[in-house]
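A.B. asks: the sequence and its predicted three-dimensional model are supplied below.
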Amino acid sequence: MKKLAIITLALLIGLNVFSAPGNGNEFVLVIDAGHGGKDPGAVNGKNQEKTINLAVALKMGELIEKKCSNVRVIYTRKTDVFVELYRRAEIANEADADMFISIHTNANNNKSARGAETYLLGVEENRTSANLNVALAENSAIMLEADYEAHYEGYDPNSPESMIIFEFMQNEHQKESLKMAEFAQKRMATYASRPNRGVHQAGYLVLWKNSMPSILVELGFISNQEECRYLTSSQGVTKMAESLEKAFEDYLSYHRELESKSVQYGTSKDSQSDKVNYTNTTSSDEIVWKIQFMTSEKKLPTNDNRIAGLKNCSCYEEGGLFKYTCGDDTDKKKVTEYLKSVKSRFPDAFLVQFKNGKRVTAK
């Protein structure tokens, strides 16, 4: 029996089986195959984006179910059916998911464009960039939905100006979304040898109302003949699925380390930099510069690991939301310099001004 136990353990190690983070709780992953049914997505001849997305999604889920113990995989679709963008988010939210990964394939009028890229929700400074065009193309799927105006709060898929609704949609999952995006991008570039187009932010409706870390992956360009052949081949599908599965393993390892640190913060002595000041007692006629890095519908615990290591964290309430700041100082240069560090964790972080404990508009 002892030998059998040792052999079993060796086999498990050899199979590289992962357990989900947390105290034995099930980790719920939602895999979203973009487009489907009457919505083919991008097209190149007989090749359709929806088919590539579904093939990679199903293969990725199959690998995760085999290799990652205690992980439950949910698909927004497993067949060639049309699923509304808002419904994809609802599926994840109703399942109380821990991660949402949406899989897509890119297209461009420039047939030489190639490579993989990964997105999280947000708006980059250049609203006329290629990132904006990619998001607008993916969001145009809502035109196939009945009564889409009722579900997207006036968003107009034909108007770039509508992207303003995403301007302040940073949430408490931004840091973990970024980490998963980085893992996915790294694995696609190294393991699958895809040209690396980087991690970006854009206003994707499929990520808009998700209440968990969420990313959108663009596997490559169906409009590029070489990449189209690769992505529609069994080898390409397997390689891309394996890349994303390995990225998910990377995230689980990262998440376990994060959980470990969270336990440490909960049992250690309170640190000024690790706690949120909810009273925000700053009162001065001087302008105080701060870095706003996160917005949440819920108030975070004072020792939440997401603010660990940040200087002078505080929170103020505005418009029914809790807005978190750090790096308080009357010297704008110092706060601007610190902003660079904060942006590595919260890419959408920006400077705000306070006077007598209240936020004021910059002049």
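C.D. replies: Ah, there it is. Numbers count the residues shown, from 1 in each chain.
A.B. asks: just the helices in the stretch 251-363 of the chain please.
C.D. replies: Applying DSSP state H, counting those that start in this stretch to the stretch 251-363 of the chain gives helices spanning 332-343.
A.B. asks: going along the chain, name the strands of it.
C.D. replies: Using DSSP state E, counting those that start in this stretch, the strands of the stretch 251-363 of the chain run over 288-296, 314-318, 321-329, 350-355, 358-360.
A.B. asks: next: the stretch 101-250 of the chain.
C.D. replies: Here the stretch 101-250 of the chain has its strands, by DSSP E, counting those that start in this stretch, at 116-121, 196-202, 214-221.
A.B. asks: so how far is the second one from its chain's centroid?
C.D. replies: Just to be clear, that refers to strand 196-202. On the basis of C-alpha atoms, centre = their mean, to the nearest Å, strand 196-202 sits 11 Å off its chain's mean C-alpha point.
A.B. asks: now do it and strand 214-221, the angle between them.
C.D. replies: Relative orientation of strand 196-202 and strand 214-221, computed by axes from the mean of the first three to the mean of the last three C-alpha atoms, to 10 degrees: 140 degrees.
A.B. asks: quick one: which of the strands of the stretch 251-363 of the chain is nearest Q201?
C.D. replies: strand 350-355 (13.0 Å; C-beta to C-beta). Any C-beta I mention is one placed from the backbone N, CA and C, and that applies to glycine too.
A.B. asks: go ahead and confirm G236 touches Y230.
C.D. replies: Yes. With contact defined as C-beta atoms under 8 Å, G236 counts as touching Y230 (4.0 Å).
A.B. asks: returning to what we had before: got TSV for the strands of the stretch 251-363 of the chain, with distance to L63, mean neighbour count and mean pLDDT too?
C.D. replies: TSV is the format used below for the strands of the stretch 251-363 of the chain (distance: least, C-beta to C-beta, whole Å; neighbours: other C-beta atoms under 10 Å; pLDDT from 0 to 100):
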stretch	distance to L63	mean neighbour count	mean pLDDT
strand 288-296	33	23	89
strand 314-318	40	16	85
strand 321-329	37	21	88
strand 350-355	39	16	89
strand 358-360	47	14	84
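A.B. asks: in a markdown table: those strands, plus distance to K340.
C.D. replies: Shown next, in a markdown table, are the strands of the stretch 251-363 of the chain (distance: least, C-beta to C-beta, whole Å):
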| stretch | distance to K340 |
| --- | --- |
| strand 288-296 | 10 |
| strand 314-318 | 20 |
| strand 321-329 | 11 |
| strand 350-355 | 12 |
| strand 358-360 | 22 |
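A.B. asks: what about Y191, how many neighbours?
C.D. replies: The local packing of Y191 (other C-beta atoms under 10 Å) involves 16 other residues.
A.B. asks: so how far is S234 from it?
C.D. replies: Separation of Y191 from S234 (C-beta to C-beta, to the nearest Å): 17 Å.
A.B. asks: pLDDT below threshold where in the stretch 251-363 of the chain?
C.D. replies: Applying pLDDT under 70 to the stretch 251-363 of the chain flags residues 258-284, 302-305, 362-363.
A.B. asks: apply 90 and report the result again.
C.D. replies: 254-287, 293-324, 327-331, 337-338, 340-350, 354-363 (pLDDT under 90).
A.B. asks: give me the phi and psi for the closest residue in space to G37 that isn't next to it in sequence.
C.D. replies: Nearest residue to G37, sequence neighbours excluded (C-beta to C-beta, 6 or more residues apart in numbering): F82, at 3.0 Å. Phi and psi for F82, reported as degrees, to the nearest 10, are phi -90, psi 130.
A.B. asks: wait, what's in contact with F82?
C.D. replies: Contacts for F82 were tallied using C-beta atoms under 8 Å, 6 or more residues apart in numbering; they are G36, G37, K38, D39, L144.
A.B. asks: for it, give its distance to A89.
C.D. replies: F82 sits 15 Å away from A89, going by C-beta to C-beta.
A.B. asks: how about K332?
C.D. replies: From K332 to A89 the distance is 38 Å (C-beta to C-beta).
A.B. asks: now do P195
C.D. replies: As judged by C-beta to C-beta, P195 and A89 stand 30 Å apart.
A.B. asks: pick out whichever of these two has more residues nearby.
C.D. replies: Set side by side, P195 and A89 show more neighbours around A89, with 25 against 15, by other C-beta under 10 Å.
A.B. asks: since that was my last question, I'll sign off now.
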